[in-house]
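*Asks:* Dropping a prediction and its sequence here:
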Amino acid sequence: MEHVMEYQRQFKIIYDPLRDLLIAPKNECGKRKFICSTLRPTKLPFTELYDYAGCAKFTANYLEYEELFLPNKLPEIMPSPANVIKWQGGDCFDFAIVLCSLLLGTGYDAYVVYGTAPKNITTKDESLMECPFPLNFDDQMDDEDPHYDADEKHMHKKPTVEDNPFQGFSVDTKQPHRSAFEDEQKEKKEKEAHYKHMKEVTIDDDEPDFEPEDEYGRSRIHAWVLILAGERDMKESFFIEPTTGRKYTLDNSPYFSVESIYNHMNFYVNLDPSRPVESIDLEHFNEDVTGEWEYVMIKKKEKKEGGDDEEVDDGEGSEEFGEEEDVLDMPPPWSPKLVIDKEKFAEGVKNGAKTVFYKKCKVDHYSECKSVDGLVKRITLYEDYRRIITKEIRSYYSNRKDKLAVRRRFPYEFKLIEHFDSKTDYHWKKVIQVDGHSRKMYFYHHRVKDGLIYREEQIGRKTFEYYKGREDRLIYRSVTFDPEKLIEPQSLKMLENHTQREVRISKMTQKFELDEELPAAT
């Protein structure tokens, strides 16, 4: 610790007396500790944390982000990563230290980087960023269903072709007299009415809110993580934003500058922090020979080379260097071992719920097995930046008895789509329901009770079903209603499922497939 404090004092004398280094901050107990010894490489017993993507996702979701008290000043307290995990909250430095400790424990060549970053990064504002995971939903039926195209055709009424007894003979009918002026005035009124209606229901300022110039400019302090290529067969080096879990390349990152880089072995100081991140050779900073970096701890291989030189001179020199070598030994981590309770890890987020806003999107995360209905994630898609017009609400479920996996709701279309897993007693695959209009139900083909693979209910008009693999070779069954005609005592009728009223049946149809083993006459 004396060497670290002496290094900080000499750095101000030699390089910059006004520059502060985060080299020995106080911990939560008020004791100064070398920042490198704060990192505690740990490999937790969870398979989800064995790669960098899982570690980044866990850190971003498990911890609650807190901004620095002064955005342009280094933090005065640097708690241990064990307590940060216990509290489930911290600032950007706490996030970076926890993530770097997990990455070092799993074998990555990871470092904590701190420098300056824009406001949206330091405040964890993702409202204008694209959602980090794809939002498109593959809603295609399996190729094993041969009736998929036919089912879609049945949604539309087939045009009826009437016989024309006068085919080939036509009589020109005289068009009635119309006033061009009246037609023009009528069209003008319709356009004005349409324009007035669209003006009332349309948001014409669909753009992000105006953001005033940041009062701190480019001086906001932030910390993130750097992973170098080499270890764990990494092919390239890149940044990871610990507060969001996003990955950035070295030449295309949102950060402004780099002040220092450190891990559990050494602390490196950038002597020219005014350089942009893109112009810094971050892949070889720990092997710098250009004089652009300064480090605190002497590397072991450099000690051995220096020791050989000293041995050539005299014995006194080697003794002096041996004493210096003892002083410069890297102290062990002072933080307790990182431990995460299994139940806490299974929850994934603090207090069982977390909401994140993205560009025209909102994502709600919920702990598994905490909600009564099994809800684990809800994605709300919007048409505008202000999130007023809802386009789709997509809910994901798990551990439900009916095996419901995804529920998609389109409020302005009055449509509801539900997707089910295959292991269900009902064997539902997908249900599409339009309020007051229709309901379509797709079934998995391993349904063995009655062979039903598709059912469509055109409310108040018609209901038909498709079958497959039945012993009686039934492939189609339908019932057509006539809601306009009055129900007579002798009429065939039934109770309609949706309206709960009796409707008159006008037609019932059953179709069977041909048995190839029997002649058609039988």
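*Replies:* Perfect, I can see it now.

*Asks:* need the strands for the stretch 51-200 of the chain, in chain order.
*Replies:* Assigned by DSSP state E, counting those that start in this stretch, the strands in the stretch 51-200 of the chain fall at 64-65, 89-90, 109-116.

*Asks:* Is it possible to get JSON lines of these that adds mean pLDDT, mean neighbour count and distance to Arg477?
*Replies:* For glycine as for every other residue, the C-beta is placed from the backbone atoms N, C-alpha and C. What follows is those, written out as JSON lines (pLDDT from 0 to 100; neighbours: other CB atoms under 10 Å; distance: least, CB to CB, whole Å):
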{"stretch": "strand 64-65", "mean pLDDT": "92", "mean neighbour count": "14", "distance to Arg477": "57"}
{"stretch": "strand 89-90", "mean pLDDT": "91", "mean neighbour count": "20", "distance to Arg477": "60"}
{"stretch": "strand 109-116", "mean pLDDT": "93", "mean neighbour count": "23", "distance to Arg477": "63"}
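
*Asks:* Among those strands, which comes closest to Lys174?
*Replies:* Using CB to CB as the measure, strand 64-65 is the one of the strands of the stretch 51-200 of the chain that comes nearest Lys174, at 77.5 Å.

*Asks:* returning to what we had before: which of the strands of the stretch 51-200 of the chain sits closest to Ala353?
*Replies:* Nearest to Ala353, of all those, is strand 64-65, at 11.5 Å by CB to CB.

*Asks:* returning to that earlier point: adding distance to Glu471, write the strands of the stretch 51-200 of the chain out as a markdown table.
*Replies:* What follows is these, written out as a markdown table (distance: least, CB to CB, whole Å):
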| stretch | distance to Glu471 |
| --- | --- |
| strand 64-65 | 60 |
| strand 89-90 | 63 |
| strand 109-116 | 64 |
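
*Asks:* And those: which comes nearest His194?
*Replies:* Taking CB to CB, strand 64-65 is the member of the strands of the stretch 51-200 of the chain nearest to His194, at 47.4 Å.

*Asks:* Minimum distance to Cys36: which of the strands of the stretch 51-200 of the chain has it?
*Replies:* Proximity to Cys36 (CB to CB) singles out strand 109-116 among the strands of the stretch 51-200 of the chain, at 9.3 Å.

*Asks:* circling back to that earlier point, between the strands of the stretch 51-200 of the chain, which one is closest to Asp183.
*Replies:* strand 64-65 (63.4 Å).

*Asks:* Pairing partners for that closest one, with directions?
*Replies:* Note on strand 64-65: by DSSP bridges, its sheet partners are strand 89-90 (parallel).

*Asks:* who's in contact with the partner strand?
*Replies:* Identification of contacts with strand 89-90 by CB atoms under 8 Å, 6 or more residues apart in numbering yields 63-66, 79, 84, 98, 350.

*Asks:* Which parts of the protein belong to which domain?
*Replies:* 2-131+214-327, 354-512 (automatic domain parsing).

*Asks:* Of these, flag the one that's most buried.
*Replies:* Of all those, domain 2-131+214-327 carries the top mean neighbour count, a mean of 17, counting by mean count of other CB atoms under 10 Å.

*Asks:* could you turn stretch 411-423 into CSV, dropping everything but the C-alphas?
*Replies:* Presented in CSV, the C-alpha positions along stretch 411-423 are these (Å, rounded to 0.1, in the frame of the first residue of the first chain):
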residue,chain,number,x,y,z
PRO,A,411,-55.2,-4.0,-29.3
TYR,A,412,-56.2,-2.0,-32.4
GLU,A,413,-57.0,-5.1,-34.4
PHE,A,414,-58.9,-6.8,-31.6
LYS,A,415,-56.8,-9.9,-32.3
LEU,A,416,-55.4,-12.4,-29.9
ILE,A,417,-52.9,-15.1,-30.8
GLU,A,418,-51.7,-17.9,-28.4
HIS,A,419,-49.0,-20.4,-29.0
PHE,A,420,-48.7,-23.6,-27.0
ASP,A,421,-46.0,-26.2,-26.4
SER,A,422,-46.7,-29.7,-27.8
LYS,A,423,-46.9,-31.5,-24.4
